[in-house]
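> With the sequence up front, the predicted model follows.
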Protein chains: 6
Amino acid sequence: MASGLVEYEEAAPEVRAVYDDIMTTRRIDKVNNFWKALAMHPPTLKRTWESLKEVMAPGALDPLVKEMVYLAVSTTNGCGYCIASHSVAARKAGMTDAMLGELLAVVGMANETNRLATGLQVPIDEAFRRQG
Amino acid sequence: MASGLVEYEEAAPEVRAVYDDIMTTRRIDKVNNFWKALAMHPPTLKRTWESLKEVMAPGALDPLVKEMVYLAVSTTNGCGYCIASHSVAARKAGMTDAMLGELLAVVGMANETNRLATGLQVPIDEAFRRQG
Amino acid sequence: MASGLVEYEEAAPEVRAVYDDIMTTRRIDKVNNFWKALAMHPPTLKRTWESLKEVMAPGALDPLVKEMVYLAVSTTNGCGYCIASHSVAARKAGMTDAMLGELLAVVGMANETNRLATGLQVPIDEAFRRQG
Amino acid sequence: MASGLVEYEEAAPEVRAVYDDIMTTRRIDKVNNFWKALAMHPPTLKRTWESLKEVMAPGALDPLVKEMVYLAVSTTNGCGYCIASHSVAARKAGMTDAMLGELLAVVGMANETNRLATGLQVPIDEAFRRQG
Amino acid sequence: MASGLVEYEEAAPEVRAVYDDIMTTRRIDKVNNFWKALAMHPPTLKRTWESLKEVMAPGALDPLVKEMVYLAVSTTNGCGYCIASHSVAARKAGMTDAMLGELLAVVGMANETNRLATGLQVPIDEAFRRQG
Amino acid sequence: MASGLVEYEEAAPEVRAVYDDIMTTRRIDKVNNFWKALAMHPPTLKRTWESLKEVMAPGALDPLVKEMVYLAVSTTNGCGYCIASHSVAARKAGMTDAMLGELLAVVGMANETNRLATGLQVPIDEAFRRQG
């Protein structure tokens, strides 16, 4: 209802151009449902893809770390689609069972201690205060 | 009101034992407010510290990656105390400005695309479905 | 398990009265599953409906804006049921594809910049501080 | 900026009527800042107070349990104001240090296991499925 | 993809030992999918179970209250698996329809007023401020 | 600690170029702390500003509606900085007290009913199901 999925064959040229760039950049031969759904609003499709391409490129952090951070955030937010797709992406980037196990252990502990610190209204230590 | 901070001098032996282990493990000479606040309930102090020590130890993921994941989750949840303390911890573990910049860029994009995928009710691709 | 759905035919008089008011107010001939589930606790059904009727009525904001705000919040929280039902409601109130596209773009950007501001511990500008 | 606080002396009659009912019901002689802020929109003040009065009254659950649930939710959401005010309210209703310690331990564990279950995409057991 | 479910028959001895303790402690004859999924990382399985066993044991709060708090947090976070499993657990611990109705009413109101307090940037009353 | 604020005078040319565009576009003579903090990572500063400029421009939705949606999301997430800055921005775009009151009433109700629908595990009505 919110939107349908725009297949390549029926896509407008501006949408096809984004699909083509996604497939070329990622060396794949079809795009995920996420992009097909975003295509209902071509400016958002284009902007989101270009931002994501820039942000997820190798840099000071390597792509596997970035994929694991993506998975950590998606897990914290409970986004089912994102967990499914980024679990696969992280696996492709080299994540092992042991790495996933430790990643989720950290995500779980952080969610737990976030609430302990918040619920106890713990004042920030002087040593942690921001320097302007 | 929720609790006070338990200083080492006034702490019960079971609390002191945890403080001592924190200081020894982390090679520091005083504990953060987080632990002093948790000490209002000694079983939670002990259990939380032991879990955290196990989870944050080097393993399949290195400590810097674990600290950055902690920061990513704390940022997503908006825990001010945790962001302040884990920003410092990540810096100590080697996080540079460029790494922090990329980390927050990924955290921001994940939070954005989580909502795009959710709001558009994107169906999970067959290829991403869980294998039992 | 948590509850079943209470159909009109089996509903107690106090529940039927609420169902009748929902159908009359919204000019529809059956109520959604949300109300049928809430009917497991009649006081919550009645209070929730009366609050919602008051809050969503035309006022300083028009009903379409209210429906889009509802959808923005439901998307941020990841409530699948609410996204499905309020997407339909917003469409009925006049939301076009272009409006949905822009709405989700704003929702996505807000979720992204919320974390950038939080993760960087940005101090509130003096100009934004609350006047008492 | 978002709003100021409406003091009793300057309040319109409809606002004073709500303030009076709050003070009478709770046997206190002044209202909290929460109500003074809500008074910037009298219909929201009145509706919120009436709902809260109904919801927090003794019933199948006793007031202390209700206050602790309120604190659990506020802690999960990270609402600083709400944690501060409901910590005090729960103390007044009889919450001891040991009870607060156990409450936060449960809140922390639930936040942790919520993410473990979500991140691992655990399928719901047949035995837990909802019966219609 | 993220993980499979480890059945008892195929489980390593360290995993079986945890399964055995879960079944003995809870007087049941098979473990939930949650534990079978966690078993992909045995240290997390063991640590999580031991923490949960300690936290959910009777203490200053009774087990029914703890189950309801768990359900309140899981509902706030939108964890479908956790809501399904803890709804059943709370029922087993004695939660009636009326108790569930009141519980969700409190959870709903807390989520509502958390945002009203936050959105209006309500300053914390002096009387609620934390004493060090 | 996480970062400092980069003032115009000390900013690198690529940062100044963004600051200049912000000031020109918004017809203001200095940039907010948010941008000064983001400047610690120039690529994120530039990408975020360009995305925001595109997303918040007048389109199918007018700027006041967009600002109110931003405020609704920021309130739901509890981002203090964002609530402070977008409350001011919404006021400048024409938001009255009555509009803010109704906006927060909708935000509050949506947060409440999101949890009622989720906690009761309400199945999505056939009529709301997505058409592919």
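Thanks, I have the structure now.

> Could you list the domains of chain A?
A:1-47, A:58-123 (the TED database).

> what about the first one, distance to the chain center?
Using Cα atoms, centre = their mean, to the nearest Å, the mean C-alpha position of domain A:1-47 is found 17 Å from that of the whole chain.

> So for it, mean pLDDT?
Mean pLDDT, domain A:1-47: 94.

> Briefly note if that domain comes near chain E.
No - using Cβ under 8 Å from any Cβ of the partner chain, we find that domain A:1-47 stays clear of chain E, coming within 13.8 Å at best. For glycine as for every other residue, the C-beta is placed from the backbone atoms N, C-alpha and C.

> ok, now the last one?
Yes - with Cβ under 8 Å from any Cβ as the threshold, domain A:58-123 lies in contact with chain E, specifically through A:78, A:83-84, A:87-88, A:91, A:97-98, A:100-102, A:104-105, A:108, A:121, A:123.

> so which of those comes closest to residue B:43?
Of all the residues of domain A:58-123 next to chain E, residue B:43 sits closest to residue A:108, with 18.9 Å by Cβ to Cβ.

> Select the longest helix from chain A.
helix A:97-119 (DSSP state H).

> for that one, the distance to its chain's centre please.
18 Å.

> How about stretch A:65-78?
Per Cα atoms, centre = their mean, the centroid offset for stretch A:65-78 relative to its chain is 6 Å.

> do stretch A:113-124 as well
On Cα atoms, centre = their mean, the centre of stretch A:113-124 falls 27 Å from that of its chain.

> Let me know how buried residue A:50 is, in neighbour terms.
15 (other Cβ atoms under 10 Å in any protein chain shown).

> typo on my end, residue A:17
Counted with other Cβ under 10 Å, residue A:17 comes out at 14.

> model confidence over the longest helix of chain A, on average?
On average, helix A:97-119 scores 98.

> That helix vs chain F: in contact?
No - where contact is defined by Cβ under 8 Å from any Cβ, no part of helix A:97-119 touches chain F; the two come within 10.2 Å at best.

> hey, C-alpha coordinates of that helix in CSV?
The C-alpha coordinates for helix A:97-119 follow below in CSV (Å, rounded to 0.1, in the frame of the first residue of the first chain):
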residue,chain,number,x,y,z
ASP,A,97,30.2,-17.0,13.5
ALA,A,98,32.6,-16.1,16.2
MET,A,99,32.7,-12.5,15.1
LEU,A,100,28.9,-12.3,14.9
GLY,A,101,28.7,-13.9,18.4
GLU,A,102,31.0,-11.3,19.9
LEU,A,103,29.3,-8.5,18.0
LEU,A,104,25.9,-9.3,19.4
ALA,A,105,27.4,-9.8,22.8
VAL,A,106,28.7,-6.2,22.7
VAL,A,107,25.4,-4.9,21.3
GLY,A,108,23.5,-6.7,24.0
MET,A,109,25.8,-5.4,26.8
ALA,A,110,25.7,-1.9,25.5
ASN,A,111,21.9,-1.9,25.4
GLU,A,112,21.9,-3.2,29.0
THR,A,113,24.4,-0.8,30.5
ASN,A,114,22.9,2.1,28.6
ARG,A,115,19.8,1.6,30.7
LEU,A,116,21.6,1.0,33.9
ALA,A,117,23.5,4.3,33.5
THR,A,118,20.3,6.1,32.5
GLY,A,119,18.1,4.6,35.1
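
> Next, the contact list for the residue positioned nearest the centre of chain A, please.
Nearest to the centroid of the C-alpha atoms of chain A, with distances taken as Cα atoms, centre = their mean, sits residue A:70, at 4.1 Å. Going by Cβ atoms under 8 Å, 6 or more residues apart in numbering or on different chains, residue A:70 touches A:56, A:82, A:86, A:89-90, B:106, B:109-110.

> quick one on the thing from earlier: list the buried residues in the longest helix of chain A.
Buried residues in helix A:97-119, counted by 16 or more other Cβ atoms under 10 Å in any protein chain shown: A:99-119.

> picking that back up, just curious, which of the residues of domain A:58-123 next to chain E is nearest to chain C?
residue A:78 (5.2 Å; Cβ to the nearest Cβ).

> pretty sure that closest one is touching residue E:76, no?
No - counting by Cβ atoms under 8 Å, residue A:78 stays clear of residue E:76, with 10.9 Å between them.

> returning to that earlier point: average pLDDT for the host helix or strand of the residue nearest to the centre of chain A?
Assessed by DSSP states H and E, residue A:70 sits inside helix A:63-77. Here helix A:63-77 scores 98 as its mean pLDDT.

> Work out the gap between that helix and the centre of the chain.
6 Å.

> tell me the angle of it relative to helix E:63-77?
In terms of direction (axes from the mean of the first three to the mean of the last three Cα atoms, to 10 degrees), helix A:63-77 departs from helix E:63-77 by 120 degrees.

> following helix A:63-77, which helix or strand shows up next?
helix A:80-92.

> in that following helix, what counts as buried?
For helix A:80-92, a neighbour-count test (16+ other Cβ under 10 Å) marks A:80-91 as buried.

> now that helix: mean pLDDT?
The pLDDT scores in helix A:80-92 average 97.

> Including distance to residue D:6, could the domains of chain A go into JSON lines?
Formatted as JSON lines, the domains of chain A follow (distance: least, Cβ to Cβ, whole Å):
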{"stretch": "domain A:1-47", "distance to residue D:6": "40"}
{"stretch": "domain A:58-123", "distance to residue D:6": "27"}
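
> Please name whichever of those domains is nearest to residue C:46.
domain A:1-47 (28.9 Å).

> Run through the residues that contact residue A:36.
Contacts of residue A:36 (Cβ under 8 Å, 6+ apart): A:5-7.

> For chain C, what's its nearest residue on chain A.
For chain A, Cβ to the nearest Cβ, closest residue to chain C: residue A:41, 2.6 Å.

> how far away is that residue from residue E:85?
38 Å (Cβ to Cβ, to the nearest Å).

> How many neighbouring residues does residue A:12 have?
Neighbours of residue A:12 using other Cβ under 10 Å come to 10.

> Verify the contact between it and residue A:42 for me.
Yes - Residue A:12 is within contact range of residue A:42, at 6.9 Å (criterion: Cβ under 8 Å).

> what about stretch A:53-63, distance to the chain center?
So, by Cα atoms, centre = their mean, the centroid of stretch A:53-63 is 12 Å from its chain's centroid.

> Is that stretch in proximity to chain C?
No - on the criterion Cβ under 8 Å from any Cβ, stretch A:53-63 is out of touch with chain C, staying 10.3 Å away.

> Take the contacts of residue A:36 and write them to a markdown table, including secondary structure.
A markdown table is the format used below for the contacts of residue A:36 (DSSP: H, G, I helix; E, B strand; the rest coil):
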| residue | secondary structure |
| --- | --- |
| A:5 | coil |
| A:6 | coil |
| A:7 | coil |
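
> Just the buried subset of those, written out for PyMOL, thanks.
For the buried members of the contacts of residue A:36, the matching PyMOL selection, counting by 16+ other Cβ under 10 Å, is:
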select buried, chain A and resi 5+6
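
> what's the closest of the contacts of residue A:36 to residue B:62?
residue A:5 (39.6 Å).

> what's the helix or strand for the residue nearest to the closest one when sequence neighbours are not counted?
With sequence-adjacent residues excluded and distances taken as Cβ to Cβ, 6 or more residues apart in numbering or on different chains, residue A:5 is closest to residue A:36, at 3.9 Å. Using DSSP H and E, residue A:36 maps to helix A:33-38.
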